[in-house]
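> sequence and predicted structure, then a few things I'm wondering about:
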Amino acid sequence: MRYEFATADRIVVGPGSSADLPALTAPLGGAALLVHGRGAVERGGATADLIRRLLGGGAVRASHAVGGEPDVAGAEAGAALARQHGCDLVIGVGGGSALDMAKAVAALAANEGGATRYLEVVGEGRPLERPALPVVAVPTTAGTGSEVTRNAVLVAPQHRVKASVRHVSMLPRLALVDAELTHEMPPALTASTGMDALTQLLEAYVSRRATPLMDGLCLEGLARARWALPRAYASGDNGEARAAMSEASLMSGLALANAGLGAVHGIAAPLGGGFPAPHGAACAALLPHVTAVNIRALRRSDTSSPALARYERVAEVMGAHGVDGLVELLHELARSMAIPGLGAYGVTHADVPTLALAASRASSTRGNPVDLELAELEEALARSLES
């Protein structure tokens, strides 16, 4: 079996570690563009304090705020800003949207042409001609693991889909994971981002690209998420739960970058491009149903499939009674955190065939542990509309 492992040049983890950010970034560049979530300063808290320190520290030449999902126009505007101010470093502080925007800006600022030149699926898909600017990634949510991945997911509105700019130079030079920055997350965001991390860990573990190196991280991350997510949701200032979820999220980013994903994310890509569904909430609504369809398809095709054994191991780690119990546990997790079905975001039964067809062609779906028929993707989607 041949595989590789690639991640950020340096990963620093620990509550309070963001206090060291100025000293840690100094060797990477002296003229930074700061990318952060819109409204982060106004909301106050540890993230707002960090952004104010960075803006007042002298190394930041300009800032670029992200509102909602990162898109092509925003990435191109940020790249123009970085070039205008002669930036040699991009610092991303925020959730997955801000970190993906930071990576996209770093890539486009160092290369000619617009985002569609490098976008996969809906663009030309060209490799970057020059390395991206160095990126420092500081997550303030616990879900995407974007601080250790080599791609940036952007919404392409004209195509109603999300697609990636991807290059090894987009791996952050520094990933700084400070769980104290996640304490301000409201319960709904805690739930959706946490379920995104759990989905990434589960899909990577059963993926066709699963590797021994990632297996341990996935199982450890799943155990942490199962224990910590309900506690972080119920009590946002539970420092132990927040730290465990930040570490689970980091592990999920390492896993997806090196072992791939599956049909949940294959569906989430076209879904996120056409509907206002938060990525993590969409994954949470889809995960139980896709898992059930996968297990049924595996049982039908090969009852001795290693992937079935992997689902059994996930069930064991998460405290469920077998793979059928795992499906029910995933349902219960979503219900306990009031995560709605996809219908809450305007998805209807009429949209299911188009979304399923797009999902069947998505790169993430190629990592699914079993080939699903179009009707099976449609079934998982239809069942996700209500819960």
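Nice, I can see it.

> tell me the mean pLDDT over stretch 368-375?
Mean per-residue pLDDT for stretch 368-375: 97.

> quick one: buried residues of it?
For stretch 368-375, a neighbour-count test (16 or more other CB atoms under 10 Å) marks 368, 369, 370, 372 as buried. Using the backbone N, CA and C atoms, a C-beta is placed for each residue, glycine as well.

> what do you get for stretch 10-26?
The neighbour-count check on stretch 10-26 (16+ other CB under 10 Å) flags 11, 12, 15, 17, 18, 21, 24, 25 as buried.

> name the nearest residue to the fifth one, sequence neighbours excluded.
Closest residue to residue 18 apart from its sequence neighbours, by CB to CB, 6 or more residues apart in numbering: residue 178 at 4.1 Å.

> hang on, the earlier thing: show me which pair in the buried residues of stretch 368-375 is furthest apart.
For those, the farthest-apart pair by CB to CB is 369 and 372; their separation is 9.8 Å.

> give me the common contacts of those two.
residue 294 (CB atoms under 8 Å, 6 or more residues apart in numbering).

> where in the stretch 1-150 of the chain is pLDDT low?
Across the stretch 1-150 of the chain, nothing is flagged by pLDDT under 70.

> can you give me the helices for it?
Secondary structure of the stretch 1-150 of the chain by DSSP state H, counting those that start in this stretch: the helices cover 21-25, 40-43, 46-55, 72-84, 96-109.

> show me the contact partners of the fourth one.
Just to be clear, that refers to helix 72-84. So helix 72-84 is in contact with 33, 35, 62, 64, 66, 87, 90, 101, 104-109, 114-116, 119, 133, 152, 154-157, 165, going by CB under 8 Å, 6+ apart.

> got the buried residues for that helix?
For helix 72-84, by 16+ other CB under 10 Å, it's 72, 74, 75, 76, 78, 79, 81, 82.

> buried subset of the contacts of helix 72-84, written for PyMOL?
Burial among the contacts of helix 72-84 is assessed by 16+ other CB under 10 Å; the matching PyMOL selection reads:
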select buried, resi 33+35+62+64+66+87+90+101+104+105+106+107+108+109+114+115+116+119+133+152+154+155+156+165
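
> follow-up on the earlier one: which among the buried residues of helix 72-84 gets closest to residue 97?
Lowest distance from residue 97 to these (CB to CB) belongs to residue 74, with 9.4 Å.

> the stretch 101-250 of the chain: strands as residue ranges?
135-139, 151-156, 161-166, 174-177 (DSSP state E, counting those that start in this stretch).

> how about residue 343, nearest residue that isn't a chain neighbour?
residue 385 (4.2 Å).

> the one you found: how many residues sit nearby?
19 (other CB atoms under 10 Å).

> hang on, the earlier thing: out of the strands of the stretch 101-250 of the chain, which is closest to residue 127?
strand 161-166 (8.6 Å).

> and the angle from that closest one to helix 72-84?
Angle, strand 161-166 to helix 72-84, by axes from the mean of the first three to the mean of the last three CA atoms, to 10 degrees: 30 degrees.

> strand 161-166 packs against which elements?
When contacts are defined as 3 or more CB pairs under 8 Å, 6 or more residues apart in numbering; DSSP states H and E, strand 161-166 packs onto helix 96-109, strand 151-156, helix 263-274.

> who touches it?
69, 75, 103-104, 107-108, 115, 118-123, 128, 150-156, 268-270, 272-274, 358.

> partner strands of it, with direction?
strand 151-156 (antiparallel) (DSSP bridges).

> what mean pLDDT does the partner strand get?
Strand 151-156 comes out at a mean pLDDT of 92.

> now that strand: how far from the chain's centre is it?
11 Å (CA atoms, centre = their mean, to the nearest Å).

> name the SS class of residue 252, please.
State at residue 252, reduced to three classes by DSSP: H, G, I helix; E, B strand; the rest coil: helix.

> mind listing what the residue nearest to it when sequence neighbours are not counted touches?
Closest residue to residue 252 apart from its sequence neighbours, by CB to CB, 6+ apart: residue 200 at 3.8 Å. By CB under 8 Å, 6+ apart, residue 200 lies in contact with 144, 145, 252, 253, 255, 256, 261, 265.

> give me the neighbour count for the last one.
Residue 265 is surrounded by 29 other residues when neighbours are defined as other CB under 10 Å.

> how about it, what does it touch?
199, 200, 203, 283, 362, 364, 365.

> distance check, the most centrally placed residue in the chain against residue 82.
Residue closest to the average C-alpha location in the chain (CA atoms, centre = their mean): residue 144, at 2.6 Å. Distance of residue 144 to residue 82, computed by CB to CB, to the nearest Å: 22 Å.

> same deal with residue 365?
34 Å.

> picking up where we left off before, touching, the residue nearest to the centre of the chain and residue 250? I think so.
No. Shown here, residue 144 and residue 250 do not form a contact pair, counting by CB atoms under 8 Å, at 10.2 Å.

> now do stretch 301-316: everything it contacts.
Stretch 301-316 is contacted from outside by 202, 205-206, 210, 219, 222, 291, 294-295, 298-299, 321-323, 325-326, 329, 369-370, using CB under 8 Å, 6+ apart.

> give the buried residues for that stretch.
305, 307, 308, 310, 311, 313, 314, 315.
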